[in-house]
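**Student:** Kindly return the folded structure for what I paste below:
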Amino acid sequence: MSAGTVRLATDTNVDGVGLGVLLFFFLLVTIGGFWAANWRKADSLHSLDEWGLGGRSFGTVITWFLLGGDLYTAYTFIAVPAAMFATGAVTGFFAVAYTILIYPIVFVFMPRMWSVSHSKGYVTAADFVRGRFDSRFLALAVAVTGIVATMPYIALQLVGIQAVIDTIGIGGKSNAFVRDLPLLIAFAVLAAYTYSSGLRAPAIIAFVKDSLIYLVIAVAVVYVGVHIGYHHLFEAAETKMTTKNPKTGAATGVFVPKSNNYWAYATLALGSALALFMYPHSMTGVLSARSRTTIRRNTAILPAYSLLLAMLALLGYAAIAEKTSVIGTDGKANPQLAVPHFFRDEFPSWFAGVAYSAIAIGALVPAAIMSIAAANMFTRNVYREFLAPRATPKQEAQVAKITSLVVKFGALAFVLGLDKQNAINLQLLGGVWILQTFLAIVVGLYTRWLHRWALLAGWAVGMIYGTTAAYNQKSAVTQHFGGSLATFPYTHTKVYIAFSALVLNLVVAVLLTLVLRAMKAPQGEDATVPEDYYTERDDTVSTLPGSDGGLPVSGGVRT
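**Tutor:** Alright, predicted model coming up:
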């Protein structure tokens, strides 16, 4: 055994070496975060284009790191192998399938979203919906859904940091203040440099985060192959998953999905893929790109992260093979400790510290982008639309900065004040909610045939059904929101709840559209023209029309 294996899972002694490495990288990204305000510096950061979208100036490499840092979060690093460790392939490895599915889909529709947003000065997806369908309330529904779905996602990044703190041994079960203090400090610093630097801060930090993750996974893959052996790894996982629970008589998990799991697995992968880029933080990363060509290039190279994710998922099986303890400092079993404890037990403390840093910084990047994206949506689609229609760009930027602080510390209070199982449940529910915006956003990129009122009604039906179905799911640890799967209406087949809700959403939208068209209900004015969906950036500066008389945009457009 290596030097990292001398600690027992219940030992509360602090890993000084691992903590020192973590503090070094935290200091490094803090410096980078504050310096980012001077990187690609604009005349000022007093506009959402500059503060919230980085001046819409990021090229292929920066966008790749930014989107990778945004989509593959600390909770991904923790949750995917934890699911593999606890219950196997259906709840764990489906994440690899959906990240493979998503990029061809994004290749088709995201360049159109970039072009129309660049042409019209849209900062959020709800901005596009407002202009396309001439419906402030449909845009409000999209914005509120995005904000509410993002909040628990931010909270889950803190769960990743908590797993690192627990593994290092800070605080133990007797001193909650000491245990939570690093989390408070980390988010206070994050809030400070995000406030001052905007999207440029996570763009810089993403370089460090992604480099660390690639290094850690590369070393782990070699270690598993040499010291464990992939044959033994899969044998150990199969043995655990097929072992029956003595209390319930059911198998522990699923090693290879059987026929009764096919629809569950397929809809979970497809539904998650369709939902991923509906999240505000994903859209923010896309709209910050320099050109539609940048988006296309990234959809071609981002699958490299899917390979990384597959290797990461297998660390859950490696933890099974090595009999890694998942007992936390509180004395309770927690599968989310599988990966940090695996690195603690199998590697020298200094390298375990590198792994801890990858997880912790992997929380800061998406948390920053998510808070910025939520702030952009609130500012443009709630504050400006309903409260201050004549707000100047500077006022918008100031409101967004303050909102981003509220969002961050709201998520922090949620995690510290409530059981983290609630954050997990709400994040699963967030996936159900955000998918209900798919019709208004993606279908809207191609056609206005669906009536704006029908889209709003379909969204409401999908939200109500999805929330109710999720609420009724039980698990071993909770009476409600216990899972993402439920039987499809009038069948015995289990599918992803978000997928079922989207089907109902679509049916209602189509049927009601037919009725409203027959009644000749007003459809509103389309603020876009066909050429807007094919625009490409040039190096001029234009002022695009907006409700306040003009929105300055970095970079003009050409068709």
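**Student:** Can you measure across stretch 78-98, start residue to end residue?
**Tutor:** 17 Å (CA to CA, to the nearest Å).
**Student:** how far does it sit from the chain's center?
**Tutor:** Its chain's C-alpha centre and that of stretch 78-98 lie 16 Å apart, by CA atoms, centre = their mean, to the nearest Å.
**Student:** just stretch 356-373 next, same as before
**Tutor:** 10 Å.
**Student:** and what of stretch 486-506?
**Tutor:** 23 Å.
**Student:** Quick one: mean pLDDT for that stretch?
**Tutor:** Across stretch 486-506, the average pLDDT comes to 94.
**Student:** Over to stretch 215-230?
**Tutor:** 92.
**Student:** Residues in contact with that stretch: which ones?
**Tutor:** Contacts to stretch 215-230, defined as CB atoms under 8 Å, 6 or more residues apart in numbering, come from residues 233, 308, 311-312, 314-315, 318, 321-322, 343, 346-347, 351, 354-355, 358. Just so you know, the C-beta spots here come from the backbone N, C-alpha and C atoms, and that holds for glycine as well.
**Student:** Need the buried ones from the residues you listed selected in PyMOL.
**Tutor:** Restricted to buried positions by 16 or more other CB atoms under 10 Å, the PyMOL selection for the contacts of stretch 215-230 reads:
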select buried, resi 233+308+311+312+314+315+318+321+322+343+346+347+351+354+355+358
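**Student:** Just the contacts of stretch 215-230: which are in helices?
**Tutor:** 233, 308, 311-312, 314-315, 318, 321, 343, 346, 351, 354-355, 358 (DSSP state H).
**Student:** Identify, from those residues, the entry nearest to V17.
**Tutor:** Distances from V17 to those, taken as CB to CB, are shortest for F351 (9.6 Å).
**Student:** isn't T124 right next to V382, touching?
**Tutor:** No - assessed by CB atoms under 8 Å, T124 is found out of contact with V382, at 10.6 Å.
**Student:** okay, the two: which has more neighbours?
**Tutor:** T124 (28 against 18; other CB atoms under 10 Å).
**Student:** Distance check, the closest residue to that one other than its chain neighbours against V365.
**Tutor:** For T124, ignoring the flanking residues on the chain, the nearest one in space by CB to CB, 6 or more residues apart in numbering is M377 at 4.9 Å. Distance, M377 to V365, using CB to CB, to the nearest Å: 19 Å.
**Student:** And for K209?
**Tutor:** Taken as CB to CB, the span from K209 to V365 is 5 Å.
**Student:** Also G225?
**Tutor:** 29 Å.
**Student:** Settle it for me: which of these two has more neighbours?
**Tutor:** Higher neighbour count among G225 and V365: V365, with 30 against 11, using other CB under 10 Å.
**Student:** Enumerate every residue touching that one.
**Tutor:** Counted by CB under 8 Å, 6+ apart, V365 has contacts G69, D70, T73, P202, I205, A206, K209.
**Student:** pLDDT weak spots in the stretch 51-200 of the chain?
**Tutor:** Counting by pLDDT under 70, the stretch 51-200 of the chain contains low-confidence ranges at 171-176.
**Student:** and Y446, how many neighbours does it have?
**Tutor:** Neighbours of Y446 (other CB under 10 Å): 11.
**Student:** Give me the helices and strands touching the strand or helix carrying V80, please.
**Tutor:** For V80, the element it lies in under DSSP states H and E is helix 74-86. Helices and strands touching helix 74-86, by 3 or more CB pairs under 8 Å, 6 or more residues apart in numbering; DSSP states H and E, are helix 89-92, helix 136-168, helix 303-321, helix 338-346, helix 349-378.
**Student:** which SS class is D526?
**Tutor:** Classification of D526 using DSSP: H, G, I helix; E, B strand; the rest coil returns coil.
**Student:** so who does the most centrally placed residue in the chain touch?
**Tutor:** Centroid-nearest residue in the chain, with CA atoms, centre = their mean: L71, separated by 5.1 Å. By CB under 8 Å, 6+ apart, the contact list for L71 reads T99, L276, S282, G285, L302, Y305, P366.
**Student:** ok, those residues vs F34, which is closest?
**Tutor:** P366 (19.1 Å).
**Student:** burial measure for the closest one, as a count.
**Tutor:** When neighbours are counted by other CB under 10 Å, P366 comes out with 30.
**Student:** ok, now T242?
**Tutor:** If we define neighbours as other CB under 10 Å, then T242 has 14 of them.
**Student:** correct me, but it touches A250?
**Tutor:** No - using CB under 8 Å as the test, T242 is too far from A250 to be in contact (10.9 Å).
**Student:** Return the distance of the closest residue to F58 other than its chain neighbours relative to P366.
**Tutor:** Excluding the flanking residues, the one nearest F58 by CB to CB, 6+ apart is S288, at 5.1 Å. For S288, the distance to P366 equals 14 Å [CB to CB].
**Student:** Likewise for V256?
**Tutor:** Taking CB to CB, one finds V256 at 31 Å from P366.
**Student:** one step back: the inter-axis angle of the helix holding V80 versus helix 136-168?
**Tutor:** 70 degrees (axes from the mean of the first three to the mean of the last three CA atoms, to 10 degrees).
**Student:** shift numbering so it begins at 334
**Tutor:** New numbering, starting at 334: the last item is helix 407-419.
**Student:** chain center to helix 407-419: distance?
**Tutor:** So, by CA atoms, centre = their mean, the centroid of helix 407-419 is 14 Å from its chain's centroid.
**Student:** for stretch 523-536, same thing?
**Tutor:** With CA atoms, centre = their mean, you get 18 Å for stretch 523-536.
**Student:** Please apply the same query to stretch 853-867.
**Tutor:** Here the centre of stretch 853-867 is set off from its chain's centre by 30 Å, with CA atoms, centre = their mean.
**Student:** so how far does that stretch reach from one end to the other?
**Tutor:** Start-to-end, stretch 853-867 (CA to CA) is 31 Å.
**Student:** Give me the residues contacting that stretch.
**Tutor:** 445, 448-449, 452-453, 464-468, 778, 781, 784-786, 892.
**Student:** Next, the buried residues of that stretch.
**Tutor:** Q856, G857, A860, T861, D865, Y866.
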